[in-house]
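1. no sequence for this one, just the structure:
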């Protein structure tokens, strides 16, 4: 017995999703690629809990990424008012010590506001942008810093966990 497959079957087939088709607006499938300096160690592991004040802030070490557990911003005593998103989401404090002046980038894996504070004043960022495609780095904010200890503040992160890395722009670069 022969069955006729009319226009209804053809219409149904057109509506079936094909697994090889990407959804419109979907992110491309990424392949892990080696990152350039100063971000080569971004995929290394480390963990920390963000400080709720400058006395309990753990230290960030240049070139050493950490996955940090943040706190609700209501429980963070910022060293200076964050530049944005101070009243919502998650946040925390870290310290960063430099032996000499440096251009330092703070990389984050997720959306959040980042400030560096000296004393009670925020240091103006000199540049910002996105990390390399498929790297896991959502944003990088650059600061020109003096030698000494600085406070790194994160505010307005949407989740309790974020990856953070501080890097010297001159890390492993040839000396002229």
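-> Sure, I can see it. Quick caveat, the model's predicted, so the values are computed rather than measured. Residues are numbered from 1 along each chain as shown.

2. residue 150 falls within a strand, correct?
-> Yes. Under DSSP: H, G, I helix; E, B strand; the rest coil, residue 150 sits within a strand.

3. in the sheet, who's paired with it?
-> residue 96 (DSSP bridges).

4. now for it: which residues touch it?
-> Shown in contact with residue 150 (CB atoms under 8 Å, 6 or more residues apart in numbering): 95-98, 116-118, 123. Where C-beta positions appear, they are placed from N, C-alpha and C, glycine not excepted.

5. and for residue 160, the neighbour number?
-> Residue 160 has 14 neighbours, counted by other CB atoms under 10 Å.

6. actually residue 70, not the one I wrote
-> Other residues close to residue 70 by other CB under 10 Å number 24.

7. mind listing the helices for this protein?
-> 7-15 (DSSP state H).

8. worst-scoring helix or strand of it, pLDDT-wise?
-> Least confident helix or strand, the chain: helix 7-15 with a mean of 39, by mean pLDDT, DSSP states H and E.

9. now render the contacts of residue 150 as CSV, adding distance to residue 110, pLDDT and neighbour count.
-> Converted to CSV, the contacts of residue 150 look like this (distance: CB to CB, whole Å; pLDDT from 0 to 100; neighbours: other CB atoms under 10 Å):
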residue, distance to residue 110, pLDDT, neighbour count
95, 21, 98, 15
96, 19, 97, 21
97, 25, 97, 12
98, 25, 96, 16
116, 18, 97, 24
117, 21, 96, 19
118, 25, 94, 16
123, 22, 95, 17
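
10. residues touching the nearest residue to residue 145 once chain neighbours are set aside, list them.
-> Spatial nearest neighbour of residue 145, excluding adjacent residues (CB to CB, 6 or more residues apart in numbering): residue 104 at 5.3 Å. Residues near residue 104 by CB under 8 Å, 6+ apart: 62, 96, 98, 116, 142-143, 145, 166-169.

11. same deal with residue 112?
-> Residue 112 neighbours (CB under 8 Å, 6+ apart): 85, 89-91, 154-158, 162.

12. got it, and residue 100?
-> Here residue 100 is in contact with residue 147 (CB under 8 Å, 6+ apart).

13. what do you get for residue 30?
-> 133-134.

14. what sits against the residue most central in space within the chain?
-> Nearest residue to the geometric centre of the chain (CA atoms, centre = their mean): residue 108, 1.3 Å. Residues near residue 108 by CB under 8 Å, 6+ apart: 114, 137-140, 154, 157, 162-164.

15. the same query, at a cut-off of 7 Å, please.
-> Residues near residue 108 by CB atoms under 7 Å, 6 or more residues apart in numbering: 114, 138-139, 162, 164.
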